[in-house]
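K.L.:
Sharing a model that was predicted from the sequence below.
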Amino acid sequence: MAALRTGFVLGILVVLWTFVMGFTGWYRNPGLLFLFWLVIPLQIGILVWMLRRDASTTGYLRQVQNGVGASLAASAIIFVGSLLFTTVVFPSYFAEMEALGRLRMAQQGLGPEQIEAVVKAQAPMRTSLGSAFAGALGTWITGLFTSLIAAVKYHRRRASAAAAEPILPKP
C-alpha cells in the first residue's frame, strides 16, 4: 500500500512540475530547458525516502518490488499527464520544440541538410504517444535502478547494525 501511495504522489508531482514548465513558458527558453530533468532527482529522493523508511521491516527483494511498484504506478500517471500536456493544454509543444531545436542547431553551425537529418531522426519521439511512453519508461527504469541501489545500501547498513549488537544470553 505504501508503494501505491508513493507512486501516486510521485506521479502527481512529476505531472505538476511538467505543467509548471508549460505554464511558465520555461520549456521555450533554451537556458531553462534543463529544469525538465529535475524530475529525476525528485523521483530518486521520493523513492529513497520510502525505501529507507521501510528498510527495517522489509527484505531486500520486497524493497526492490516496492520501489518498482511505486515507479510503475507513477509511470501510469505520468503517461496520462504527458498526453494531456501535449494534446490538450499545449498542442503546439512539439512544433515549438522543433523550431527551437532548428534555431539552436543553426546557431551551432549545422547546415540545412544536417538539421533536416536530425529533425527527421527525432520525429518518432516528437509525438504525444512517443513522448508519454518515453516519460513512463524513464520513470520505470530510474525506479528500478534506484530501488536496487537503495535496497542494497539500507540492507548493508541494517546487517552491519545487527552484527554490531552484542549477543546476550537469554535469561
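P.N.:
Arrived safely, thanks for sending. Numbers count the residues shown, from 1 in each chain.
K.L.:
Where in this protein is the helix or strand with the lowest mean pLDDT?
P.N.:
helix 128-164 (a mean of 84; mean pLDDT, DSSP states H and E).
K.L.:
For that one, buried residues please.
P.N.:
The neighbour-count check on helix 128-164 (16 or more other CB atoms under 10 Å) flags 128, 130-133, 135-136, 138-140, 142-143, 146-147, 149-151, 154-155 as buried. C-beta: built from backbone N, CA, C; applies to glycine.
K.L.:
Same check on stretch 54-67?
P.N.:
Applying a neighbour-count criterion of 16+ other CB under 10 Å, one finds D54, A55, T58, Y60, Q63, V64, N66, G67 buried in stretch 54-67.
K.L.:
mind listing what the residue nearest in space to the middle of the chain touches?
P.N.:
Centroid check for the chain by CA atoms, centre = their mean gives T139 as the closest residue, at 3.8 Å. Applying CB atoms under 8 Å, 6 or more residues apart in numbering, we find T139 in contact with L10, V14, Q43, S71, A74, S75, I78.
K.L.:
Of those - the most surrounded one?
P.N.:
For those, the largest number of neighbours (other CB atoms under 10 Å) sits with A74, at 32 neighbours.
K.L.:
so that residue makes contact with G138?
P.N.:
No: using CB atoms under 8 Å, A74 is not in contact with G138, being 10.8 Å away.
K.L.:
Output the below-cut-off pLDDT ranges for the chain.
P.N.:
Scanning the chain for pLDDT under 70 picks out the ranges 156-171.
K.L.:
Which parts of this protein are helices?
P.N.:
Applying DSSP state H to the chain gives helices spanning 2-24, 39-54, 60-84, 93-107, 112-122, 128-164.
K.L.:
Select, out of the ones you listed, the one closest to L32.
P.N.:
Smallest distance to L32 across these (CB to CB): 8.1 Å, for helix 2-24.
K.L.:
can you give me the angle that closest one makes with helix 93-107?
P.N.:
Inter-element angle recorded for helix 2-24 and helix 93-107: 60 degrees (by axes from the mean of the first three to the mean of the last three CA atoms, to 10 degrees).
K.L.:
and helix 2-24, what other elements does it pack with?
P.N.:
helix 39-54, helix 60-84, helix 128-164 (3 or more CB pairs under 8 Å, 6 or more residues apart in numbering; DSSP states H and E).
K.L.:
okay if I get those as TSV plus distance to G101?
P.N.:
Listed next are those as TSV, based on distance: least, CB to CB, whole Å:
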stretch	distance to G101
helix 39-54	20
helix 60-84	19
helix 128-164	14
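K.L.:
Out of those helices, the one nearest M1 is which?
P.N.:
For the helices and strands packed on helix 2-24, the distance to M1 is smallest for helix 60-84, at 9.9 Å, taking CB to CB.
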